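J.: Fold the following and give me the result.
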Amino acid sequence: MLNTNSAAGTLRTPTGVWTGLTHHHDRTDSFTVSFAPDGTIALRTPHSVGTGVWSADRPGRFSYELTEILTPAAGRPGRVRIHVEAHLEEAGYQGTGTVRVHTPDGAPAHTTTSVRFTADRLAGGPAAWHDVVSLGAHIRGRTLHPGDEGFEEACSGWLLTVEHRPAAVVVAADADDVAAAVRFAAQAGRPVAVQSTGHGKSVPADGAVFIATGQLRELSVDPRAGTARIGAGLRWGEVVTAAAEHGLAPLCGSSGQVGVMGYLTGGGLPVAARTYGFAADHVRSLDVVTADGLLRTVSPTREPDLFWAVRGGKSNFGVVVAAEIELLPLRTIYGGQLHYPIEDSTHAARVLGSYLGWVKDQPEEMSSSVTLMRFPDVPQLPEEFRGRSLVLVRVVCTGDEEQGARLVEPLRALGPEKDTCGAMPYTQITEIYQDPKGPVTAHLRSALLRELDDEAVAELVSFIDPSLPGGPFPGIELRHLGGALDRPPGRSHAVSTQGAAFHLWLRLPAPAGQADAARKAADAVLERLRQWDTGAMLPGFLFDHDSAPEQVRRAYTEANHRRLATLKAKYDPNQLFRINHNIPPVGERMVRIDR
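T.: You can find the predicted model right below:
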């Protein structure tokens, strides 16, 4: 084989990417072919993919052989074997070859000789998709590679601070596509990354086989059983709407834009968590493709260990393609927001301190949170927020309207500027928090806190004190825990608040060039609150900063993490699913995971 290390050598051999036409009889077909220096070939056409080898015995002359497989897009199965003798002509090549068509079982169908091939060179090196082109051979959905139309869109997500650079994207049409993609990744030695829809996107998927399950949109409600069957491509707003037609409700979070599977596999912290516990408590079964490429239905009676691990273990154990969940007979709630403008630190401390005292007396029917915000004075914001500091209290009461109004009365006595609390249909529950509906560029952090005292109040209000210097601080949220979250679930899973009283959630803008500043600001907040930090976290609130295995470990009790690591060794010993907040299998050092 010729030496192709020099530019001149490259021009005298076919190394590179070519686009061309196949001419036979009265038909012309297009193709793109990639020649690598190691003598391998990868082929793509609108309806097929192929691999093979090439060789050159003298400058400007070469031959190649490849096997072309018709993809599902062709509408018929089959294989084509091609042999071509070709010569280079400036920026192109011409060749003549033989094409032999075979049936799927390998039987010859027909042979065409003297087929002409013409092509123009697009690039001097092999294509980015060279070693993954055969992935598309058995995918019914779309297989996308870098540079393809739709590739960037398929990789996009809610969190814009994380960029994916996968080797290929499989937009799965069904569970079989997911299984085929997993098997391919395992054979190719590439990791698997998965994104359903909604928020997703927490760890870069560089070099991975990226499986997008957004097209898996199965949704059916069984009102007699009080259950729903949901596909991985759904968002919670869609499930809420479908269930409401039967007077039922799923345990969703604060945003209807969140994808169902990422939420469930992270445990799912509902806005009504104190009444009903984690959403994972109410999962009946899951359909998951494991690292061996098998589709398994797991439940309390079918592979119960894997069922336990997936609910809380996120994507460490496979790709969840569907779930059956319990629905609640909940048509209405009592909920809304109370806004308190902050004039100074004394006022802020009074409002926050009163809220913290109020939650101590609340029954399990009442779930709530408090958010401290300091807004910039910019025209992009509504006038009511510009340049102001606010304390926002959100409430969700699963009792009747009378109980809700009575429980909220002490908060109303603090004199909110705005009060939207009242009875509402469950279909409006995701409007209470007014989470961003579009993508955001933000730095996200979380922690689990113990009970907060007056010193904690002083620290917290200092972040939004309008009399102190400092820039805007858009969000410190404290979600009140306890209640049903502290009771053992009926269907055991890997998630636990580990006895914490509050969940802390930070969201800081991180536009281009300001990511480091956002990280430092978040670090400063967490450091100043360290004495109230339990050291634990929730697996559904881990983002890029918390992706290291030693950080992920904090999301579980010691016993649960040990059990997860043992199950990881059983179901994914080769770390196929490592583009995530990784749980290394037992026996692997928990210091660094190569991606």
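
J.: Please name the nearest non-neighbouring residue to Arg183.
T.: The shortest distance from Arg183 to any non-neighbouring residue, by Cβ to Cβ, 6 or more residues apart in numbering, is to Gly293 (3.7 Å). Every C-beta, even on glycine, is put in place using the N, C-alpha and C of the backbone.

J.: Tell me, how many residues neighbour that neighbour?
T.: By other Cβ atoms under 10 Å, 18 other residues sit near Gly293.

J.: Could you pull up the residues touching it?
T.: If you count contacts by Cβ atoms under 8 Å, 6 or more residues apart in numbering, Gly293 has them with 179-180, 182-183, 186.

J.: May I have the secondary structure class of Asn297?
T.: Not quite, residue 297 is Thr, not Asn. Three-state call for Thr297 (DSSP: H, G, I helix; E, B strand; the rest coil): strand.

J.: what's near enough to touch it?
T.: Residues near Thr297 by Cβ under 8 Å, 6+ apart: 285-287.

J.: now the helices for the stretch 301-450 of the chain?
T.: 304-313, 345-359, 401-412 (DSSP state H, counting those that start in this stretch).

J.: Any idea what Ser48 is bridged to?
T.: Thr45, Leu70 (DSSP bridges).

J.: need the contact list for it.
T.: 68-71, 74, 80.

J.: Could you do Val17 as well?
T.: Counted by Cβ under 8 Å, 6+ apart, Val17 has contacts 32-35, 121-123, 125-127.

J.: where in the stretch 451-595 of the chain is pLDDT low?
T.: Along the stretch 451-595 of the chain, segments meeting pLDDT under 70 span 470-474, 512-513, 588-595.

J.: For the stretch 251-400 of the chain, just list every one of the strands.
T.: 283-289, 295-298, 319-326, 332-341, 366-374, 389-397 (DSSP state E, counting those that start in this stretch).

J.: before we move on, what about the stretch 401-550 of the chain?
T.: Under DSSP E, counting those that start in this stretch, the stretch 401-550 of the chain gives strands at 418-419, 422-425, 442-449, 473-480, 502-509.

J.: Which one of those strands lies nearest to Glu324?
T.: strand 422-425 (24.5 Å; Cβ to Cβ).

J.: which strands and helices sit next to the closest one?
T.: Applying 3 or more Cβ pairs under 8 Å, 6 or more residues apart in numbering; DSSP states H and E, one finds that strand 422-425 contacts strand 332-341, helix 401-412.

J.: what about 7 Å?
T.: On a contact count with 3 or more Cβ pairs under 7 Å, 6 or more residues apart in numbering; DSSP states H and E, strand 422-425 meets strand 332-341.

J.: ok so, going back, Serialize the contacts of Ser48 to a markdown table and add fields for pLDDT and neighbour count.
T.: Formatted as a markdown table, the contacts of Ser48 follow (pLDDT from 0 to 100; neighbours: other Cβ atoms under 10 Å):
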| residue | pLDDT | neighbour count |
| --- | --- | --- |
| Glu68 | 94 | 23 |
| Ile69 | 94 | 19 |
| Leu70 | 91 | 20 |
| Thr71 | 91 | 20 |
| Ala74 | 83 | 13 |
| Val80 | 93 | 19 |
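
J.: Where does the closest residue to Ala91 other than its chain neighbours fall, secondary structure wise?
T.: Using Cβ to Cβ, 6+ apart and skipping residues adjacent in sequence, the residue nearest Ala91 is Arg121, 5.2 Å away. Arg121 is part of strand 108-123 when elements are defined by DSSP states H and E.

J.: what's that strand in contact with?
T.: 16-24, 33, 84, 86, 91-103 (Cβ atoms under 7 Å, 6 or more residues apart in numbering).

J.: And stretch 352-362, by the same measure?
T.: By Cβ under 7 Å, 6+ apart, stretch 352-362 touches 368, 370, 391, 393, 407, 410-411, 414, 452, 454, 457, 460-461, 480.

J.: Verify the stated contact: Tyr334 with Thr420.
T.: No - the criterion here is Cβ atoms under 7 Å, and Tyr334 misses it with Thr420 at 11.4 Å.

J.: higher neighbour count, those two?
T.: Between Tyr334 and Thr420, counting by other Cβ under 10 Å, Tyr334 is the more crowded of the two (24 against 15).

J.: so which of the strands of the stretch 401-550 of the chain gets nearest Arg61?
T.: strand 442-449 (56.8 Å).

J.: picking up where we left off before, got a winner among the contacts of Gly293 for most neighbours?
T.: The most crowded member of those, judged by other Cβ under 10 Å, is Val182 (26 neighbours).
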